[in-house]
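Student: sequence unavailable; structure follows:
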């Protein structure tokens, strides 16, 4: 079964310095039908103005993944990390028993466009942790690049949950098959472009929840490269 979540149905707020879309209930946006999907709790698509950002704030018991589309994000946290994250990288922050951090756009001229994803952990009260991993952009061209999973390793961020996160950039006509255990579920979010998932047409910002299927077929439909994020969850 495929359930489509259209871009315009998401929660939206424009604060001037921050233009944000919420796939699931978050902050002032609340929809009891969209509180999350399996262990996937938050997909926020944020655009941050130059020189602006999120001041120091805390998190607890959440696996937080950050993926930059355009621009760069400066990160500082209570574990002592001070890093800058750009495209073709993934950042994993395990909040565990508690962590405080800030994020801002360090550029004076360029906007920042990124996704912040929260996945509920399998166990609570763990020690906080951090990873930042870079990959070659060729690894996601016309194929799925695994960014995060429970085992981590070899350029894959390790998360405390039976869930996988992939990214792919598809050229027009490219077909990517993906096998899915019928007892598992998938969520596919279109970052940009036009894509079909098992024959369902999706455009930028659209997403689809997949349950009870044994296979997915992703096909790029637009002339410009299409980009998708795929989650596979127990």
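Tutor: It's in. This is a predicted model, so every value here is computed, not measured. Numbering: from 1, shown residues only.
Student: how near is the most centrally placed residue in the chain to residue 91?
Tutor: Centrality entry for the chain: nearest residue to the mean C-alpha point is residue 117, 4.6 Å, by C-alpha atoms, centre = their mean. Distance from residue 117 to residue 91, counting by C-beta to C-beta, to the nearest Å: 10 Å. Placement of C-beta: from N, CA and C, glycine included.
Student: find residues that contact each of these two.
Tutor: Here residue 117 and residue 91 have 65, 66, 67 as joint contacts, going by C-beta atoms under 8 Å, 6 or more residues apart in numbering.
Student: ok, and the most crowded of those residues?
Tutor: Of all these, residue 65 has the most neighbours under the rule other C-beta atoms under 10 Å, reaching 24 neighbours.
Student: how about the secondary structure of residue 138?
Tutor: Of the three states, residue 138 takes helix according to DSSP: H, G, I helix; E, B strand; the rest coil.
Student: count residues in the vicinity of it, would you?
Tutor: 11.
Student: same question for the one 4 residues further on.
Tutor: Counted with other C-beta under 10 Å, the neighbours of residue 142 add up to 15.
Student: look up how far residue 69 lies from the closest residue to it other than its chain neighbours.
Tutor: Excluding the flanking residues, the one nearest residue 142 by C-beta to C-beta, 6 or more residues apart in numbering is residue 174, at 4.6 Å. Note on residue 174: its distance to residue 69, by C-beta to C-beta, is 19 Å.
Student: residue 78 now?
Tutor: Residue 78 is 27 Å from residue 69, where distance means C-beta to C-beta.
Student: for the nearest residue to residue 189 once chain neighbours are set aside, what are its contacts?
Tutor: Sequence neighbours aside, residue 207 is the residue nearest to residue 189 in space, at 4.3 Å (criterion: C-beta to C-beta, 6+ apart). With contact set as C-beta under 8 Å, 6+ apart, residue 207 has these partners: 4, 5, 23, 43, 187, 188, 189, 190.
Student: helix or strand for residue 75, which one?
Tutor: With secondary structure defined by DSSP states H and E, residue 75 is part of strand 73-77.
Student: pull up the pairing partners for that strand, direction included.
Tutor: Paired strands of strand 73-77, with direction, are strand 82-85 (antiparallel), strand 99-104 (antiparallel) (DSSP bridges).
Student: can you check the pLDDT for the closest residue in space to residue 170 that isn't next to it in sequence?
Tutor: Counting by C-beta to C-beta, 6+ apart, residue 170 lies nearest to residue 220, which is 3.2 Å off, once chain neighbours are set aside. Predicted confidence (pLDDT) at residue 220: the value is 97.
Student: then the one 4 residues further on?
Tutor: The predicted structure scores residue 224 at 89 on the pLDDT scale.
Student: from memory it sits against residue 193, does it?
Tutor: Yes: in this structure residue 224 lies within contact range of residue 193 using C-beta atoms under 8 Å: 5.9 Å.
Student: report the separation between the residue of the chain positioned farthest from its centre and residue 75.
Tutor: No residue in the chain sits farther from the centre than residue 108, which is 25.3 Å out by C-alpha atoms, centre = their mean. Applying C-beta to C-beta, the value for residue 108 to residue 75 is 18 Å.
Student: please consider this matter closed, and thank you.
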